[in-house]
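[1] A predicted structure for the sequence below; I have some questions about it.
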Protein chains: 2
Amino acid sequence: MNNFVFQNPTKIYFGKGSISNLVAELSKVGPRVLLTYGGGSIKKNGIYNAAISSLAKANKTVYELSGIMPNPRKEKVYQGIDICKTNNVDFILAVGGGSVIDCSKFIAAGAKTDRDFWQSFLVNQEDCYDAIPLASILTLAGTGSEMDAGGVISDFENNLKLHYGHPLLFPKFSILDPEYTYSLPKEQLVYGSIDAISHILEVYFSKPDESNLSDDLAEAILKNLITNLDVALKNHDDYIARSNLMWCSTLAINGLISLGKEGDWMSHEIEHALSAFYDIPHGAGLAIVHPNYLMHVYKSAIPKFAKFASNIFGISSSTLDEEGRARAGIIALSNYFKQIGAPTTLGEVNIPSSEIQKIAKTVNLFNTSYARKFSLKDIESILVKSINHLEN
Amino acid sequence: MNNFVFQNPTKIYFGKGSISNLVAELSKVGPRVLLTYGGGSIKKNGIYNAAISSLAKANKTVYELSGIMPNPRKEKVYQGIDICKTNNVDFILAVGGGSVIDCSKFIAAGAKTDRDFWQSFLVNQEDCYDAIPLASILTLAGTGSEMDAGGVISDFENNLKLHYGHPLLFPKFSILDPEYTYSLPKEQLVYGSIDAISHILEVYFSKPDESNLSDDLAEAILKNLITNLDVALKNHDDYIARSNLMWCSTLAINGLISLGKEGDWMSHEIEHALSAFYDIPHGAGLAIVHPNYLMHVYKSAIPKFAKFASNIFGISSSTLDEEGRARAGIIALSNYFKQIGAPTTLGEVNIPSSEIQKIAKTVNLFNTSYARKFSLKDIESILVKSINHLEN
């Protein structure tokens, strides 16, 4: 294994009814709390009332920021920073999925500096020196923001969707109740799961390729996720499936499986460009881009891709050579995304092929783990491949 | 998955040369440091000098406690507590394997209370309110003490070997350099690995049995461990094998694979009784006891044991029924321990069968996950089974 440094301090309360720990945790933080959430579904399913009741029991003064939507925008972060600065907010409680938690992380960091959060953190990637402590109540499995130190914010005026991470942005605690995900539409179950699958693959298909424990753990999580997603798609309220899916999504990006690995993240970069222009669901963009990205780079690591095909999709046909199995594994991945109801072509999310050049120009051309020197042409080629469903 | 609460704050510096992080970490702690270690092997392989040099660069006043041996004794803990109280020690740096780290944890806790550490923590299992912060430099993979909050101490006068754990006892940081394990005798490589295997099995073979991510991760770690132990036994200095083994041992007991599981730990309890009387290596005792314990309880969970046989040892013969495969898996485990050079019978570690009743009486008869009501007769039966090598 390559060298690594690892520390993840987030405390996880996992399981049905685990919101019962909220009052005790709130008793450890300051009196003024900002409650952040999305479009209001938490008011329908009772989670809002449960949170408000715990905040009241813990004698907190509560400020609210609602309406944080998927692909959260920088304007929403400014709004939150303003509330925090005006009211000397001590603590942020994010209730929702990754969008709400991500947005809250940048409110937390932005409220403790005079610098402009967008320019300083997301554009310039400057260091963060202080942040309001935050916690989360997770209602949607996928992004893993509940146990990681990063987040993504969009600037739709300039068609930018950027990532930033810092150890000060780990949630102090996160409450993960799988029953909270029962009421989500099927689409969100699928897209959240694809996001988690993509997180696993970004790391798994990065160097080094040698036998290592991180890759073995990645395969175990990926197989469990696929197995339990199949169950949850048939029975939305299957607790065992939902609890496994929720914990798979968290472990996919809490640092564990990237230890000793370089990471890649080029598929995420390309998807961020797509959704910065078209505001499509992140999981939909990944379902389109990730298999095509892998098909673009697999030749640098054929044995690893053949191993993936065999261990994840059971492709070990002796009629295929190693490269054939490598390709078949990538196609199986794309077919799997299609089978569970995700789009696998740009046309399905109404992105015309005439826009490819414009989109490609905004993608960060950093090095990828397998294809060290990535050019604008490479990005364009991957997007052109994404016009039609991947076939051998 | 069952409900769980999880937090593990230890910072890990992993890989060759990672001791280079020591000075920076020491700069964050107080000026008076107790350095703890074992029989002096760290003076031969250069690790002692490297630690002393970092302590000097960080301008620390260093006190030393050496001679902490396997199955660390309570007398050694009292000695360390005395040094800490007399000199107002601010920080403890443990350099060694699990014995040194375990002993240091109880020095850390005992130095911050007027209570007797042995009676209060290990016998009465009382709460710990304060502890001197500690860190470790690991030289032997196996116990996992470098990233967990517990430890085991022996009282040989009264033939007791007891465990205690508390979140205050997590190391602040641990330095894991796989190259430090090159110089160990083969026996310690084998026994450390068996300890880690046993940690995995104590949790894997506990309820619930339903498909869950923790068990999938446990299988992944176990398979990686067996694969890499085979390599390391052939080539002691294989870095890839050694690094995987080291990280496997840490993850086997850092909390990850026990999330949502009950845990069992009866094999460890029986082994502790054996080594409290006979001071045998922990890994040797586990190699003898654990398969016999599993053979005693497998009937309550035949499908799980058959799954283990198939996924770990590839036993899926259609000539065996499910129970036959379950039994074959346990026998394969015992044969594996024998094959890698561990004892699998009491006679091999010079424990006469005439002592079984005496030893059995000291074992904690708490509930086990599968065989809820465990009696003295059960323990005796397992120890009687341990006279001969396990056979079908």
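    Structure received. Numbering: from 1, shown residues only, chains lettered A, B, ... in the order given.
[2] Name the nearest residue to residue A:188, sequence neighbours excluded.
    Distance criterion Cβ to Cβ, 6 or more residues apart in numbering or on different chains; nearest residue to residue A:188, sequence neighbours excluded, is residue A:140 at 6.0 Å. Any C-beta I mention is one placed from the backbone N, CA and C, and that applies to glycine too.
[3] Surely the one you found is in contact with residue A:98?
    Yes: here residue A:140 reaches residue A:98: they are 7.1 Å apart, a contact under Cβ atoms under 8 Å.
[4] So for residue A:15, what's the nearest residue that isn't a sequence neighbour?
    Per Cβ to Cβ, 6+ apart, closest to residue A:15 is residue B:3, 2.8 Å.
[5] which ones are touching residue A:286?
    Neighbour list for residue A:286: A:194, A:195, A:198, A:267, A:268, A:271 [criterion: Cβ atoms under 8 Å, 6 or more residues apart in numbering or on different chains].
[6] hmm, 10 Å instead?
    A:191, A:194-199, A:201-202, A:267-268, A:270-271, A:274-275, A:293, A:337, A:342 (Cβ atoms under 10 Å, 6 or more residues apart in numbering or on different chains).
[7] coming back round to it: tell me how many other residues crowd the residue nearest to residue A:15.
    Using other Cβ atoms under 10 Å in any protein chain shown, residue B:3 has 16 neighbouring residues.
[8] surely it meets residue A:17?
    Yes: if you go by Cβ atoms under 10 Å, residue B:3 and residue A:17 touch, sitting 7.5 Å apart.
[9] Tell me the residues that contact both of these two, please.
    Counting by Cβ under 10 Å, 6+ apart, the residues touching both residue B:3 and residue A:17 are residue A:177.
[10] what comes up buried for stretch A:6-22?
    In terms of neighbour count (16 or more other Cβ atoms under 10 Å in any protein chain shown), stretch A:6-22 has its buried residues at A:6-15, A:18-19, A:22.
[11] nope, stretch A:127-142 is what I meant
    For stretch A:127-142, using 16+ other Cβ under 10 Å, the buried residues are A:128, A:131-142.
[12] Show me the strands in the stretch 1-150 of chain A, by range?
    A:4-14, A:32-36, A:61-65, A:91-96, A:134-138, A:150-155 (DSSP state E, counting those that start in this stretch).
[13] The first one pairs with which strands, parallel or anti?
    Right, strand A:4-14. strand A:173-176 (parallel), strand B:4-14 (antiparallel) (DSSP bridges).
[14] To which secondary structure element type does the residue in chain A sticking out farthest from the centre belong?
    Within chain A, the residue lying farthest from the chain centre (Cα atoms, centre = their mean) is residue A:319, at 37.2 Å. Each residue gets one of three states, and residue A:319 gets coil by DSSP: H, G, I helix; E, B strand; the rest coil.
[15] any idea how far it lies from residue A:391?
    18 Å (Cβ to Cβ, to the nearest Å).
[16] Excluding chain neighbours, what is closest to residue A:257?
    Leaving aside its chain neighbours, residue A:257 sits nearest to residue A:218 (4.4 Å; criterion: Cβ to Cβ, 6+ apart).
[17] which phi and psi does the one you found have?
    In terms of degrees, to the nearest 10, the main-chain angles of residue A:218 are phi -60, psi -50.
[18] quick one: it and residue A:260 touch, right?
    No: between residue A:218 and residue A:260 there is no contact under Cβ under 10 Å: 11.5 Å.
[19] got any residues that touch both of the two?
    residue A:212.
[20] Which of those two has more residues huddled nearby?
    Higher neighbour count among residue A:218 and residue A:260: residue A:218, with 26 against 21, using other Cβ under 10 Å.
[21] OK, contacts around that one?
    A:199-201, A:203-205, A:212, A:251-252, A:256-258, A:261, A:308, A:312, B:220.
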